[in-house]
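Engineer: quick one, fold the following:
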Amino acid sequence: MSHDLFDAQLTPLGLNQVDGLQEHVKKSGLAEKIELVISSPLLRTMQTAVGVFGGEKYTDGVNAPPLMVETAGRSGRPAVSSLNCPPFVAVETCREHLGVHPCDKRRSITEYRPLFPAIDFLLIENDEHVLWEPDVREANEAVALRGMKFMEGWLWTREEKEIAIASHSGFLFHTLSMYSKECHRTIRDEVSKLFANCELRSIVLVDRSMLGSYSPRLNYPGKIPAGLDLPSDIADKKHLEEAQKN
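Structural biologist: Numbering: from 1, shown residues only. Sure thing, here's the model as predicted:
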């Protein structure tokens, strides 16, 4: 509840955890596969997203804006380049619980842009955090519904197939718990368990409407040898029409 924690940044421990995840992402080859990085528009998630999936150390004179400027959020970290990395987009709907806790209130987008010049903030409608209320904490059910809107109303519309999302444990827990309700219990339990700090979890989302769009190789076309393949009453009518013509 401390106002000193307004829009909380990563601690030294958190920054070290980001370094560990970045090393894993590079060694595993995942860094080369990611086509888009989405981040909640809070300082700590953007620091995490940039630290894990951003380019190398930024060099002056490079003809590309940095993803993060030097010491952004008093982190003491060097600037991060936007070269040789996927595009970054800030999305409001995958933010943490709204209300009451100062650590979960974001700054204005006007303040963020100079700190994260190469992050795209165009999808965020309001410069100020008008959705955050000082005396009303967002209900878990509302978080889950917001998460479903993010997943089904926005994420599914993206053309990219490999997308990294930097979000918050509470948001992810409630969203994935609702999203996986119809899955087998073992899958549901694995998907919706609470995230640890800086945990990376890979999830494959499948569009159910596409499940029948591929013809199994064992299908048999039928209608061999060639001939009428109609219900008997229609076939009889066709035979009679053909006989009358002849």
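
Engineer: was I right to think residue 8 contacts residue 48?
Structural biologist: No: using C-beta atoms under 8 Å, residue 8 makes no contact with residue 48, being 12.0 Å away. Where you see a C-beta, it was placed from the backbone N, CA and C, and this is true even at glycine.

Engineer: buried residues in the longest helix anywhere in the chain?
Structural biologist: Counting residues, the longest helix found in the chain (DSSP state H) is helix 12-28. By neighbour count on 16 or more other C-beta atoms under 10 Å, the buried set for helix 12-28 is 14-15, 17-18, 21-22, 25.

Engineer: please, which helix or strand holds residue 171?
Structural biologist: When elements are assigned from DSSP states H and E, residue 171 belongs to helix 169-179.

Engineer: no wait, residue 144
Structural biologist: Using DSSP H and E, residue 144 maps to helix 140-153.

Engineer: what's the angle from that helix to helix 169-179?
Structural biologist: Note on geometry: by axes from the mean of the first three to the mean of the last three C-alpha atoms, to 10 degrees, helix 140-153 and helix 169-179 are set 70 degrees apart in direction.

Engineer: packing partners of helix 140-153?
Structural biologist: Judged by 3 or more C-beta pairs under 8 Å, 6 or more residues apart in numbering; DSSP states H and E, helix 140-153 is in contact with helix 169-179.

Engineer: the helix it packs on: which residues count as buried?
Structural biologist: Neighbour counts over helix 169-179 (16+ other C-beta under 10 Å) mark 170-179 as buried.

Engineer: helix or strand next in line after it, which one?
Structural biologist: Per DSSP H and E, the first helix or strand lying C-terminal to helix 169-179 is helix 185-192.

Engineer: once you drop chain neighbours, what's closest to residue 102?
Structural biologist: Spatial nearest neighbour of residue 102, excluding adjacent residues (C-beta to C-beta, 6 or more residues apart in numbering): residue 6 at 4.5 Å.

Engineer: phi and psi next, for the one you found.
Structural biologist: When read as degrees, to the nearest 10, the backbone of residue 6 gives phi -50, psi 130.

Engineer: ok, now residue 163?
Structural biologist: phi -130, psi 130.

Engineer: swap in the one 4 residues further on?
Structural biologist: With angles defined as degrees, to the nearest 10, residue 167 shows backbone torsions of phi -140, psi -150.

Engineer: not counting sequence-adjacent ones, nearest residue to it?
Structural biologist: Using C-beta to C-beta, 6+ apart, the nearest residue to residue 167 is residue 94, at 4.6 Å.
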